[in-house]
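# coordinates for the following, if possible.
(one chain, ligands or ions: 2)
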Amino acid sequence: MDCIFCKIAGGEIPSNKVYEDDSVLAFYDLVPQGPVHILIIPKTHIASAAEISADNSAVVAHIFEVAAGIAKEQQLDNGYRIVTNIGEDGGQSVKHLHFHLIGGRQMAWPPG
Ligand code: 5GP
Ligand code: ZN
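Ligands and ions are numbered 1, 2, ... in the order given. Take a look at the predicted model:
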C-alpha cells in the first residue's frame, strides 16, 4: 500500500521523531501550524478515526497517554489542541490515522 505514514512508521521515509515505541510514533509536522505541531500515529495502518473499532481502539487510548506526556515535555502548560481530520469534509489529506498536537499559541474556535 502506498501510504506515506506507513513508510514513515517503517523508517522508509525519514521524520523528525519526538517519541517512538512498539505501536506508536510521534514526529514533527512538515508544515507546522503553531510553535509546536507534532503528529502522533499508530504504526499499524488505520485509515482514519472513522475506522476505529473494538479491535484496534487500544492503540488510540495509548496515543492519548503518549500525547499527554509529549505536551508536558513540550511545556504546553497553558493548553494545546489535539485534532484528527476525517475524510473530505474533515480536511484529511493523509489517509492514515494521525492526531495533530498543536500548541504554543492561542487556538481559534470554531475551527475553519
Ligand atoms: P491531515 O491534513 O491529513 O489532517 O494532516 C496531514 C499532515 O501531515 C499535514 O499537517 C502535513 O503537513 C503533514 N505531512 C504530510 N506529509 C508529511 C511528511 O512527509 N512528513 C511530515 N513530517 N509531515 C507530513
Ligand atoms: Zn498507513
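# run the chain-centre distance for the biggest helix by length in the chain.
Scanning the chain for the longest helix, with DSSP state H as the assignment, gives helix 58-73. On the basis of C-alpha atoms, centre = their mean, to the nearest Å, the separation between the geometric centre of helix 58-73 and that of its chain is 10 Å.
# equivalent analysis for stretch 49-58, please.
Distance, centroid of stretch 49-58 to centroid of chain: 15 Å (C-alpha atoms, centre = their mean).
# residues of it that come out buried?
Within stretch 49-58, the residues that count as buried by 16 or more other C-beta atoms under 10 Å are 49, 52. For every residue, glycine as well, the C-beta is placed using N, CA and C.
# what sits up against it?
Contact with stretch 49-58 is made by 42, 44, 46, 60, 84, 86, 87, 97, as judged by C-beta atoms under 8 Å, 6 or more residues apart in numbering.
# surely the first one and residue 21 touch.
I take that to be residue 42. No - in this structure residue 42 lies outside contact range of residue 21 using C-beta atoms under 8 Å: 10.9 Å.
# those two - which one has more neighbours?
residue 42 (22 against 10; other C-beta atoms under 10 Å).
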